[in-house]
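[1] Using only what follows, build the 3D model:
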Amino acid sequence: MKDPGIVFLNTTSSCRTKYLQFLSNILNMPRWIQITIVIALITVSGCFGSGLGIGDPTPTSTPTNEASQVQSENESIEYVIRSGDIPAELEHVNVTFEVVFVEKEGDMDPCLRDTYRGPYKPKITALALPSGECRHTERVTVDLTDIDGNYSLGKFAPDAPYSGGHALVISKIAATYKNGSEVRGIKGAGGIRANVEEDPPKDKYIMEVWVESYEDRSYLYWIKAAVIKSKNFSK
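    Predicted structure coming up:
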């Protein structure tokens, strides 16, 4: 049995007060009864606390979710637009771009089924459905006549590792003449593949976009695009 002095030293201040009050009431009792009563009452009231370790919670460690600490490091790409030759009679040439990420190899054509390369949109042919995802970024519209130098469309990255490559697509063109009337019949306006890359995304591409005019064809204008420089971010 522990000495009451040890119990007294190991209790909190509030418990000590209670302890002294009990002692004052049982001073005339035999010593062994005093010790028994004090220990019993303090134990029942939970006053041993941290001094004797009674009621102390078992220390536990907070579980760590390793997956939540790993941030996505998917490679990004950047497209920079330069404006090439624009016919003098055109006042505005608004071009809408979007990037398409292809998850699985071999899915480029199924993912770009509504786009084409030449001036004429080919006849619809049956294409197999893509085996993976085709992710389209938000569209960005730029007026080619406002670009002086380089204009970055921004950096784009898929939300998962996509190994099937990516493409820059011109999805829409809206042009006007200097008198304000709408330009009709620009070839390539229905969805042109400005750039197609079969490798996983990781580069910066500088694209030149321009409008060619014709007098000897059934159409007056044709929008074109070409990569004039690419740079690997890792170099």
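[2] Following element in sequence after the helix or strand of the chain with the lowest mean pLDDT, please.
    Using mean pLDDT, DSSP states H and E, helix 66-69 stands out as the lowest-scoring helix or strand of the chain, at a mean of 25. For helix 66-69, the succeeding helix or strand toward the C-terminus, using DSSP states H and E, is strand 77-83.
[3] Partner strands of that following strand, with direction?
    Strand 77-83 has the following sheet partners, assigned by DSSP bridges: strand 150-156 (antiparallel), strand 203-213 (parallel).
[4] from those, which stretch is densest packed?
    strand 203-213 (a mean of 19; mean count of other C-beta atoms under 10 Å). C-beta here means a position set from N, CA and C on the backbone, and glycine is covered the same way.
[5] residues contacting Asp199?
    By C-beta atoms under 8 Å, 6 or more residues apart in numbering, the contact list for Asp199 reads Gly165.
[6] Next one: it, what pLDDT does it get?
    The model reports Asp199 with a pLDDT of 80.
[7] now do Ser76
    83.
[8] Which residue is the nearest non-sequential neighbour of it?
    Ala157 (3.8 Å; C-beta to C-beta, 6 or more residues apart in numbering).
[9] ditto for Leu90
    Ala175 (5.6 Å).
[10] Same question for that neighbour, what's its three-state structure.
    Look at Ala175: counting by DSSP: H, G, I helix; E, B strand; the rest coil, its state is strand.
[11] From what I see, it and Val93 are in contact.
    Yes: counting by C-beta atoms under 8 Å, Ala175 does reach Val93; the two are 4.6 Å apart.
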